[in-house]
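Asker: One predicted model, sequence on top.
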Amino acid sequence: MEIVRALEAALGPGEVLVGAAIPERNRTDWSGLGPVLPVALVRPRSTEAVAAALRVCHQLSVPVVPQGGLTGLCGGARPSPGAVVLSLERLSGVEEIDPAMATMTVRAGTPLELVQKAAEEAGFLVPLDLGARGSCAIGGNLSTNAGGNRVIRYGMAREMVLGLEVVLADGTVVSNLNKMIKNNAGFDLKQLFLGSEGTLGVITRAVLRLWPLPGFTTAAFCGLRDFASVVRLLEEARAGLGPLLSAFEVMWPRFYDLILAHATGVRPPLSGRHGYYVLLEAQGTEERFDAPRFEAFLERMLEAGVLADAAVAQSRADVKAFWAIRDAVAEWNRIIGPHFGYDLGLPIGATERFAREAEAALEARFPGTVAVFFGHLGDSNLHVVVHVPGVAEQPYEAVTEILYGLVRAHGGTISAEHGIGTLKKAWLGHARSPAEIALMARLKAALDPKGILNPGKVVDPA
């Protein structure tokens, strides 16, 4: 095949895999979509090799699907038929940590957990944190603008990036490994590629902003009477804890009950049942100052009737135990069986109403539906897990139409932190206007005129 021969000539023998030599893991991602065997798999070890591969594919008009850690849930890294897969797994490693500038320069294929550990060893924090930290790659995190557990304090992935190196569809390398927080010279080009899911260019290196490593972390697992109390607690925590507030995770009763009854290695932190549960985390600099401040805040909330009950962590082990309840979402397949997971964003004031309407609509259409609600409510992110019992195949289109229709009605978004990929592409108009989608298509056409980069994902070129 011409493309295989051209890639082998450009990259060298042994750098191009075809047919049965392509690992199963590179044939799909975590979206649940079926595997696709690509024409070839290339695993470059340098930016120059990425550029060479893209030049060849551009010249021959062969589509290219970039891959990172393959933990995406929307089909963004799943191969397209007839495509070459460009895996960044060998383009890995931390190149530099600059203590004076508080930055880290890292290659795109580096696993997030490795990035976190390297920063911690140098006395810094990379605040981006996901359940897939051991598998996902930093390039994939940036290309999807990942969110995670601590967006309420540190923002999304794009807010942690100072500089990028990107290879365009035709093999042009655009490198601006800027380390300065203040750099206002012309367009901020990196923002084009952060969150574009490999459709505009392939991220190869990044300069990450680092934060001081927290000297103290604590948490409380809280029971609340109603959703109004949840909103009141969030408002009070923002004002009363200020920069100490690092996570605000909300769980509906069904989530809590299912996890406590079926998840592995969790234990109930509270006695009795409550209308809602909140995992409140705080990170500070000195325990002797910050621990009393956190406990005093909780006492005020109990006295004011905002909290019905609260368990305060007495050790790091307690903090981990609280998080184990929230992180047990990885066990949904075992707990409720086949399901769909939705990553939604909603105005906080509309969240409770949305959940009630969604439950009612799903029950009316599919009696007995199990709908579970939880999320990072501090940054307006609501996750919904849906299982329809007694069916041969889970009715994805019907369930999605119900949920996304309600999202649009309440002024929300169909994707808070997981991207669009292929699974959400048809629904993009529920969250973006025709003018916005048209502008995305014009950008795609300008940067990738042949439409070879991750074709069929997010948006088509104009």
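Answerer: Perfect, thanks for sending it.
Asker: residue ranges of the helices in the stretch 201-350 of the chain, please?
Answerer: For the stretch 201-350 of the chain, helices defined by DSSP state H, counting those that start in this stretch occupy the ranges 227-241, 253-262, 287-303, 316-327, 332-336, 348-365.
Asker: For the last one, which residues meet the burial criterion?
Answerer: It stands for helix 348-365. Using 16 or more other Cβ atoms under 10 Å as the test for burial, helix 348-365 gives 348, 350-352, 354-355, 357-359, 361-362. Any C-beta I mention is one placed from the backbone N, CA and C, and that applies to glycine too.
Asker: And for the first one?
Answerer: Using 16+ other Cβ under 10 Å as the burial criterion, the residues of helix 227-241 that qualify are 227, 229-234, 236-237, 240-241.
Asker: What of the shortest one?
Answerer: Residues of helix 332-336 classed as buried: 332, 335-336 (neighbour count, 16+ other Cβ under 10 Å).
Asker: As TSV, those residues with distance to residue 251 and pLDDT would be great.
Answerer: Shown next, in TSV, are the buried residues of helix 332-336 (distance: Cβ to Cβ, whole Å; pLDDT from 0 to 100):
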residue	distance to residue 251	pLDDT
332	14	92
335	14	95
336	15	94
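Asker: of those, closest to residue 435?
Answerer: Closest approach between these and residue 435, by Cβ to Cβ: residue 332, at 37.3 Å.
Asker: List the contacts of that closest one.
Answerer: Residue 332 is in contact with 339, 341, 372, 385, counting by Cβ atoms under 8 Å, 6 or more residues apart in numbering.
Asker: Tell me if I am right that the last one is in a helix.
Answerer: It stands for residue 385. No - counting by DSSP: H, G, I helix; E, B strand; the rest coil, one finds residue 385 to be strand, located in no helix.
Asker: That one touches residue 341, doesn't it?
Answerer: Yes - with contact defined as Cβ atoms under 8 Å, residue 385 reaches residue 341; the gap is 5.2 Å.
Asker: So for the two, which residue has more residues nearby?
Answerer: residue 385 (20 against 14; other Cβ atoms under 10 Å).
Asker: and the gap between the more buried one and residue 217?
Answerer: In this view, residue 385 and residue 217 are 28 Å apart by Cβ to Cβ, to the nearest Å.
Asker: Kindly report the same for residue 55.
Answerer: For residue 55, the distance to residue 217 - Cβ to Cβ - is 47 Å.
Asker: again with residue 456
Answerer: From residue 456 to residue 217 the distance is 42 Å (Cβ to Cβ).
Asker: And for residue 146?
Answerer: Distance, residue 146 to residue 217, using Cβ to Cβ: 21 Å.
Asker: go on, residue 288?
Answerer: 14 Å.
Asker: which of the two has more neighbours?
Answerer: Ranked by neighbour count (other Cβ under 10 Å), residue 288 and residue 217 place residue 217 first, with 17 against 7.
Asker: count of neighbours near the nearest residue to the more buried one once chain neighbours are set aside?
Answerer: Closest residue to residue 217 apart from its sequence neighbours, by Cβ to Cβ, 6 or more residues apart in numbering: residue 283 at 5.0 Å. When neighbours are defined as other Cβ under 10 Å, residue 283 has 23 of them.
Asker: from what I can see residue 283 touches residue 246, true?
Answerer: Yes - with contact defined as Cβ under 8 Å, residue 283 and residue 246 form a contacting pair (4.4 Å).
Asker: Any chance you could list residues touching both of the two?
Answerer: 153, 214, 217.
Asker: Check those residues against residue 81 and report the nearest one.
Answerer: Nearest to residue 81 among these, with distances taken as Cβ to Cβ, is residue 153, at 42.2 Å.
Asker: Same list (the contacts of residue 332) but as JSON lines, adding pLDDT and distance to residue 315.
Answerer: Formatted as JSON lines, the contacts of residue 332 follow (pLDDT from 0 to 100; distance: Cβ to Cβ, whole Å):
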{"residue": "339", "pLDDT": "94", "distance to residue 315": "34"}
{"residue": "341", "pLDDT": "94", "distance to residue 315": "32"}
{"residue": "372", "pLDDT": "98", "distance to residue 315": "29"}
{"residue": "385", "pLDDT": "97", "distance to residue 315": "31"}
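Asker: what's the closest non-adjacent residue to residue 152?
Answerer: Using Cβ to Cβ, 6+ apart, the closest residue to residue 152 is residue 378 (3.6 Å).
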